[in-house]
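J.: Got a predicted model here, sequence first, then my questions.
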Amino acid sequence: MTLWQSRLPDGAAPELDAYSSSIHFDRRLGPYDIEGSLAHVNGLAKAGIISNEEAQILVTALTHVKKELVEGAFTFLPSDEDIHTAIERRVTEIAGEIGAKLHTGRSRNDQVTTATRLLLRHDLVEIGIKIVGLCRALLDQSTRLHEAYMPGYTHMQRAQPVPIAHHLLAHAWALDRDLDRIVSTLHRMNVSPLGAGALAGSSLPLDPEYVASELGFSSSFDNSMDAVSDRDYVAEALFDLALLGVHLSRIGEEIVIWSTQEFGFITIADAYATGSSMLPQKKNPDIAELTRGKSGRLLGNLAGFLATLKGLPLAYNRDLQEDKEPLFDSLDQVSLALEAMTGLVSTLSFNTSTTKQAADGEEGVAVDLAEWLVAKGMPFRQAHGLIASLVKNASERHLTLAELVRIHPDLGEEAISLMEPGVSLARRVTHGGASEVSVKEQTGKLSSRLTERLEQLNGFGMHKRGETSF
Ligand code: ARG
């Protein structure tokens, strides 16, 4: 039996059930749908549309259904098209005829987007907390490695030596921007659509602001048509997750490269590596590769859903049901990736003598020699040309750069001291630069930034019923 039995008494063609039904994925909305329904029931009672006794019966039934859902004891029926119809059906079984009042002044159109916002708010906060965890793993590695350095690359060619900490923290700053984006998405999406009805509000004396505050939303909708058709928050979350996935993928890529025998910069902990079914000697960086691979899927979820939204007329259209699978998939994949990458990063060991040896190559100080000449008054372009010709000469004549620096009249012994291991690096003390001093400064800034981010995240959904997590 459907909720629209009286209008379409013959029911849908049986072969359409599997096509139309969303219960196999939207059951995940269950506890959030109930949270929305509890607020709605309170709102109906407050407006005098149902009595307090009726509200109590509905609240008791909803609470019971929530328990069944959370404990896995809820029995779904083939006629349950989606989680909203399933819950209303079950509430009516428990509450009897009072159950028929639950859907007063409400449509599944405002109901589904309310539940999706509640779920997403909860899950984005969880993901944000996991990002902070990964940033802290990067910070901890940086602190452990404070004096170690490695070559920094441009175009994958050795460029200048940098502290390993500086390199690792570069990834943490990208993740901090992901956090910033998630917090700002949370701010924008924290608006209640409940009370918009099918599309035009209601003739009943509902109070959308009241239910909004019951659910911990910062406000309620201003336009009922926009409220039921807006899925910007889903698209934004998919973008935030896709870009976060791209950042994780870049970390993964470096872990893959650094763990090769050719680089040998890191050793992956056994617990975060995999072997080969055929080659006995193999130790593979599968976790990093999976993270790199999954980023493609996250981009696909975003692009696919934007295509779904494009050209949809107002207001609700069933196409919008297509929001959930990409959203849930991106949330799940990112959440798993963050846990895996946090473990992988925190258990990496750096082979600091290898990284040092790679970074101590003479050419890594070429620009420092040029800047030393600049400090002595030589125009940079001229200094650049001079050092470049020494590098070229050294390579053509099979000499070391140091030999040519030592005998050059503009350079000599004083310039040679710059070529001592680690010396040039310590001189890059500008703000955000690659010296140990600058790294210390950014470490302090990043750690306090992460504490602020946690406070911002925890501020969402801390409303009076405290029922955001299930
Ligand atoms: N399962 C639907 C969705 O996810 C719920 C809303 C259905 N509304 C309707 N008018 N058919 O969008």
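T.: Perfect, I can see it now.
J.: so how far is the longest helix that the chain contains off the chain centroid?
T.: Looking across the chain with DSSP state H, the single longest helix is helix 108-144. Counting by C-alpha atoms, centre = their mean, to the nearest Å, helix 108-144 is centred 7 Å from the centre of its parent chain.
J.: cool, stretch 41-50 as well?
T.: Remark: stretch 41-50 is offset 38 Å from the chain centroid, using C-alpha atoms, centre = their mean.
J.: same deal with stretch 235-252?
T.: With C-alpha atoms, centre = their mean, you get 6 Å for stretch 235-252.
J.: show me where the chain has strands.
T.: 149-154, 157-163, 191-192, 219-220, 266-267, 349-350 (DSSP state E).
J.: what's next to the least confident helix or strand in the chain by mean pLDDT, contact-wise?
T.: Ranked by mean pLDDT, DSSP states H and E, the weakest helix or strand in the chain is helix 14-20, scoring a mean of 84. With C-beta atoms under 8 Å, 6 or more residues apart in numbering as the test, helix 14-20 has contacts from 12, 78, 81. No exception for glycine: its C-beta is placed from N, CA and C like everyone else's.
J.: go on, stretch 152-170?
T.: With C-beta under 8 Å, 6+ apart as the criterion, stretch 152-170 contacts 138-139, 141-143, 145-151, 350, 352, 355, 358-361, 363-365, 367-368, 422, 424-425, 434-436, 438-439, 442-443, 446.
J.: Strand 157-163 and the longest helix of the chain, what's the angle between them?
T.: Using axes from the mean of the first three to the mean of the last three C-alpha atoms, to 10 degrees, the inter-axis angle of helix 108-144 relative to strand 157-163 is 80 degrees.
J.: Buried residues in helix 108-144, which are they?
T.: 108-125, 127-128, 130-139, 141-142 (16 or more other C-beta atoms under 10 Å).
J.: Around the ligand, which positions in the protein sit nearby?
T.: For the chain, the residues in contact with the ligand (C-beta under 6 Å from any ligand atom) are 22, 26, 82, 84, 108, 109, 112, 316, 318, 320, 321.
J.: Farthest-apart pair in these, please.
T.: For the residues of the chain next to the ligand, the farthest-apart pair by C-beta to C-beta is 26 and 316; their separation is 15.1 Å.
J.: show me what contacts the residue lying closest to residue 118 once chain neighbours are set aside?
T.: Distances taken as C-beta to C-beta, 6 or more residues apart in numbering put residue 32 closest to residue 118, at 3.9 Å, once the chain neighbours are dropped. If you count contacts by C-beta under 8 Å, 6+ apart, residue 32 has them with 114, 115, 116, 118, 119, 122, 470.
J.: For my notes, please list those in JSON lines and give pLDDT and distance to residue 273 for each entry.
T.: Formatted as JSON lines, the contacts of residue 32 follow (pLDDT from 0 to 100; distance: C-beta to C-beta, whole Å):
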{"residue": "114", "pLDDT": "98", "distance to residue 273": "44"}
{"residue": "115", "pLDDT": "98", "distance to residue 273": "40"}
{"residue": "116", "pLDDT": "98", "distance to residue 273": "38"}
{"residue": "118", "pLDDT": "98", "distance to residue 273": "39"}
{"residue": "119", "pLDDT": "98", "distance to residue 273": "35"}
{"residue": "122", "pLDDT": "97", "distance to residue 273": "33"}
{"residue": "470", "pLDDT": "34", "distance to residue 273": "35"}
